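would you be able to build a 3D model of this:
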Amino acid sequence: GPGLHALCFPPPCLTGSLLLAVHFYSTPRAAPLIPSTALGVLLLLVSALLAYAGIRRSLRNASLLVALCLTLSALWSGYGVILILAGQGALPGPGDARDALVPGLATFTLALLLLAVVGFLCGEPLLGLVAAAMSLASAHEVALHCSSSLGPSAVACSHLSVCLVGGYFALGRILRLLNKGNLALPGTDLAEKKAQEQGRGSAGSTNPFAAPGLLLNMLSASVFCCRLLGVTHRLFLGHVPWLWAAGTYQIGICVLSYRAMDVLMATAFGFTSILKFAGGYCLLYPTWQPEEPSLPTPFLVVFSILFAVLALFLSLQSPVDGLYLLVFVTYCIALACSPRGFFAGGPQGVAVAIFVSSALVALIHLYNVRARARIPTGKEAVKALLARSSLLKLREGPDLHAPYLGYSKYADAEVLAYACSVLASFALTASGDPQAPRATVVIPWVVVAGGILKLLGGSVAFARGKTLESSAFILYSVMWIIWGLTRYSGLCGTARSFHTAVGIISFMLFNSFIVFCSLFLNMAWFFYSLTFMLIAVSFLLDAIHALPPGYDIAATLIFGLVSFYCFLAALASSTFEGCCLPMGRPMVQLSGVGTGTSKCLHLPARKASSVKRIADILRNGGTCGIPTDTVYVLVAACSRPDAVEKAHRSKRQAQDRPMSLWISSLKQLEPAKHLFTPLLWDFMEAAWPSPISLVIPRGEWVDFLGMKDSAKYVGTPQSVAIRIPDCSVTTHLIDLVGPIVVTSANPTGEADTTHHNQVYAKLGDKVDAVLCGGPSPENIASTVVDCTKIDSGNIGFFRVGIIPKSQV
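Sure thing, here's the model as predicted:
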């Protein structure tokens, strides 16, 4: 329940602070009470619980608690890994532990201070107090590492203050849970905060995960800032946990940003996570080789172009965020111009700019998520400017993130998937030294970008109903991961094997099927999958020692350029209305497959606005698939004879399965009540609303419904089936439209349709819209009762469905 979700935060916070308090109180002793390795493992467990608490809280409402949980979780995960390394002797030098911990602790001191300031300003003093206490503890620990004059007892006292504030918060939540909300300590009633948030409306809502993602950019930048400013003596293995923790958490925040329907910020966090993994790889490499690794210059130039394009489109959503991404364009260019890469002073100087700008933009996002009066980001000015243009119009409204089939909880991730294809392909243009394949930084670009993030894009595409696209992305991600690790980590050595070639041929066979299927999708996808075949061929030729000089470069360039076009087209499609960069029509069209000129609308049934839109479509002569108290049905408005005829044609209705009538209330038949016998009228009142269809004699009452000549498609010449469904969504729709004509949402002779995805799969673009209610509450159709002879005391059954005979 809601109370239990809120209780997820205090225990991990208390546990982590209490563990660190005990650790620092026992530090002067010869043998600390908690060994470093054990303390590190415990902090990792606590960080996992905190991350869970933040995610669970974010799914219910946006709060400062989300940012606090994710920030503390990232702090303690990196801290825990460093303690494990120290406990296992991986940091043997006298100052190694200090150099490893200070960059992360300094970052979280500032990050938690920002959270505390926003908490006090925005009416969350208790969370602000927790953040301030944690910030003070981190600051004391930084001072402890920099000067021996401050003892560890001061750090322990700071962590104890966190325990006291966290204990008060936990006590307030427990009291509220036990008293069912009747009693709550001041500052601990999150339900009241949620009500205040809902009262503000969602018109100006922002991504609640953007701020934690920006704070993680501060963390990675601080590692290189501290080296440039002389705070740390060198870059080494001890800094890798901070970089890879930031990268891992940013991939998670990328997924959560898709959940928040923020495509552009999710893509940005995907890009920045790649840089963090690459930086960690460069710092890890000297542990097994004395020299520093080299970065492929062409790749970094391409990466800077992708950042620049994304910054341009992000500026249309938020100019502040777009300008912020330009700092990463500078960072990529600085890395490309420096032979030493992350170890050079130029990129480290840009890292200082990233640290400062990340702090400022994170403060804006934190404040705007919670405050009533928002800090302007320039969005309204851009909208006003584009409103004057007749060429470009921003996509807005409820259809902005409408999925291909049904409704999804995630925005489209194709932009990131295409961008990762560009990065992975251009990373392969770096030949490197065959005797030292790891000396050139290729693995992070290929494995993280081409593998992990593309796998993420495939998973999101699958959740949105894009089966072919998700299959292709997942297949390509597996290929990039396997080939990247085997070829560029030296696993297969300079000699290739027959087994490697067989595996690549298997991938090529799978991709051949994807190429064939993409013929029915669009031209861009056909060329995208076909050019990946060139990549697979280059892998195969390399495995059998038959790779012609320059072929691999040409193949990767062709695939990279096609992927870049798809990246631009996906960005434009998600930002502007209309087809700015077309993906092309299907190269092969079959009857009933992809022949529709417009996509069928899919609207969530839980929204009243969706029901209103379906009603508008029906009133304008459309046909729609809707959920009911049994299975999904295809409906048309009786007041639109053309729509009734269209529904009949789209179903190819068999004569033994005629269409029926549905009403929302007997009041809709009141004008014709005198045409019904009293017994039949009383039976209809007693039977409805329910999943019982009554077949009644056809008569003049049918003319009152306005179907005109299309009435011949409803029922038989002798009788008509009619009912009032026991479904609030359906009856509300009929209230708006009037009586409707109904038939099952499946081709005649096939099984009933029990999910909104099946409506599109079975009827294609023959319907104008589908009201998506998920799985049907029942998999059995209605009971059909023969009432044509009810006045003589006899009823029969054409079909016994969900309602048994005895109940009828």
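
you'd agree residue 567 is up against residue 418?
Yes. Using Cβ atoms under 8 Å, residue 567 makes contact with residue 418 at a distance of 3.9 Å. C-betas here are computed from N, CA, C, even on glycine.

list the buried ones in stretch 18-32?
Buried residues in stretch 18-32, defined by neighbour count with 16 or more other Cβ atoms under 10 Å: 18-25, 32.

output those in JSON lines; the columns should cover secondary structure, pLDDT and distance to residue 297.
Shown next, in JSON lines, are the buried residues of stretch 18-32 (DSSP: H, G, I helix; E, B strand; the rest coil; pLDDT from 0 to 100; distance: Cβ to Cβ, whole Å):
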{"residue": "18", "secondary structure": "helix", "pLDDT": "86", "distance to residue 297": "50"}
{"residue": "19", "secondary structure": "helix", "pLDDT": "88", "distance to residue 297": "46"}
{"residue": "20", "secondary structure": "helix", "pLDDT": "88", "distance to residue 297": "44"}
{"residue": "21", "secondary structure": "helix", "pLDDT": "87", "distance to residue 297": "49"}
{"residue": "22", "secondary structure": "helix", "pLDDT": "88", "distance to residue 297": "50"}
{"residue": "23", "secondary structure": "helix", "pLDDT": "86", "distance to residue 297": "45"}
{"residue": "24", "secondary structure": "helix", "pLDDT": "85", "distance to residue 297": "46"}
{"residue": "25", "secondary structure": "helix", "pLDDT": "84", "distance to residue 297": "51"}
{"residue": "32", "secondary structure": "coil", "pLDDT": "74", "distance to residue 297": "47"}
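
for residue 299, what are its contacts?
Listed by Cβ atoms under 8 Å, 6 or more residues apart in numbering, the contact set of residue 299 reads 423, 426-427, 429-430, 445.

what about residue 373, neighbour count?
For residue 373, the count of nearby residues is 7 (other Cβ atoms under 10 Å).

what kind of secondary structure is it in?
What DSSP: H, G, I helix; E, B strand; the rest coil gives for residue 373 is coil.

tell me the pLDDT of it.
pLDDT for residue 373: 78.

repeat for the one 10 residues further on
Predicted confidence (pLDDT) for residue 383: 78.

chain neighbours aside, what residue packs nearest to it?
Nearest non-adjacent residue to residue 383, counting by Cβ to Cβ, 6 or more residues apart in numbering: residue 394, 6.7 Å away.

counting neighbours, what do you get for residue 585?
Neighbours of residue 585 (other Cβ under 10 Å): 10.

contacting residues for it?
Residues in contact with residue 585 (Cβ under 8 Å, 6+ apart) are 522-523.

okay, the contacts of residue 299 in CSV with secondary structure, distance to residue 796 and pLDDT next?
Converted to CSV, the contacts of residue 299 look like this (DSSP: H, G, I helix; E, B strand; the rest coil; distance: Cβ to Cβ, whole Å; pLDDT from 0 to 100):
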residue, secondary structure, distance to residue 796, pLDDT
423, helix, 69, 92
426, helix, 73, 89
427, helix, 73, 86
429, coil, 76, 75
430, coil, 79, 71
445, helix, 72, 85
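
who wins on neighbours among these?
For the contacts of residue 299, neighbours tallied by other Cβ under 10 Å; top is residue 445, 31 neighbours.

contacts only, for that residue.
Per Cβ under 8 Å, 6+ apart, neighbours of residue 445: 274, 278, 296, 299, 423-424, 427.

would you map the strands across this structure?
All strands of the chain, identified by DSSP state E, fall at 601-604, 624-626, 633-637, 660-662, 692-697, 719-723, 740-744, 769-772, 783-786, 796-799.

export those strands as JSON lines, with columns for mean neighbour count and distance to residue 71.
Putting these into JSON lines (neighbours: other Cβ atoms under 10 Å; distance: least, Cβ to Cβ, whole Å) gives the following:
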{"stretch": "strand 601-604", "mean neighbour count": "21", "distance to residue 71": "33"}
{"stretch": "strand 624-626", "mean neighbour count": "29", "distance to residue 71": "45"}
{"stretch": "strand 633-637", "mean neighbour count": "29", "distance to residue 71": "49"}
{"stretch": "strand 660-662", "mean neighbour count": "23", "distance to residue 71": "54"}
{"stretch": "strand 692-697", "mean neighbour count": "23", "distance to residue 71": "57"}
{"stretch": "strand 719-723", "mean neighbour count": "22", "distance to residue 71": "56"}
{"stretch": "strand 740-744", "mean neighbour count": "25", "distance to residue 71": "53"}
{"stretch": "strand 769-772", "mean neighbour count": "25", "distance to residue 71": "36"}
{"stretch": "strand 783-786", "mean neighbour count": "21", "distance to residue 71": "58"}
{"stretch": "strand 796-799", "mean neighbour count": "12", "distance to residue 71": "60"}
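
possible to save these as TSV with distance to residue 554?
Listed next are these as TSV, based on distance: least, Cβ to Cβ, whole Å:
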stretch	distance to residue 554
strand 601-604	42
strand 624-626	48
strand 633-637	52
strand 660-662	62
strand 692-697	66
strand 719-723	66
strand 740-744	54
strand 769-772	45
strand 783-786	66
strand 796-799	65
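
can you give the domain ranges for the chain?
Domain ranges of the chain: 1-185, 413-576, 601-799, per the TED database.

for residue 349, find the nearest of these.
With Cβ to Cβ, the closest approach to residue 349 among those belongs to domain 1-185: 15.9 Å.

in the chain, which helix or strand is least confident?
Least confident helix or strand of the chain, by mean pLDDT, DSSP states H and E, is helix 2-7 with a mean of 44.

on that earlier part again, and the furthest pair within the buried residues of stretch 18-32?
Spatially, the most separated pair among the buried residues of stretch 18-32 is 18 and 32, at 14.7 Å (Cβ to Cβ).

which residues of the stretch 551-700 of the chain fall in helices?
With DSSP state H, counting those that start in this stretch as the criterion, the stretch 551-700 of the chain has helices at 551-575, 608-619, 641-651, 678-687.

which of the ones you listed has the lowest mean pLDDT?
Looking at these, the weakest mean confidence is helix 641-651, a mean of 83.

neighbouring contacts of that helix?
Contacts to helix 641-651, defined as Cβ under 8 Å, 6+ apart, come from residues 618, 621-623, 634-638, 659, 706-711, 713-714, 741, 743-744, 747-748, 763, 766-767.

could you redo the last one with a cut-off of 7 Å?
Contacts with helix 641-651, where a contact means Cβ atoms under 7 Å, 6 or more residues apart in numbering, come from 621-623, 634, 636-638, 659, 707-710, 713, 741, 743, 748, 763, 766.

could you do stretch 308-326 as well?
Counting by Cβ under 7 Å, 6+ apart, 264-265, 267-268, 307, 329, 357, 361, 364, 377-379, 382, 394, 568, 571, 575 sit against stretch 308-326.
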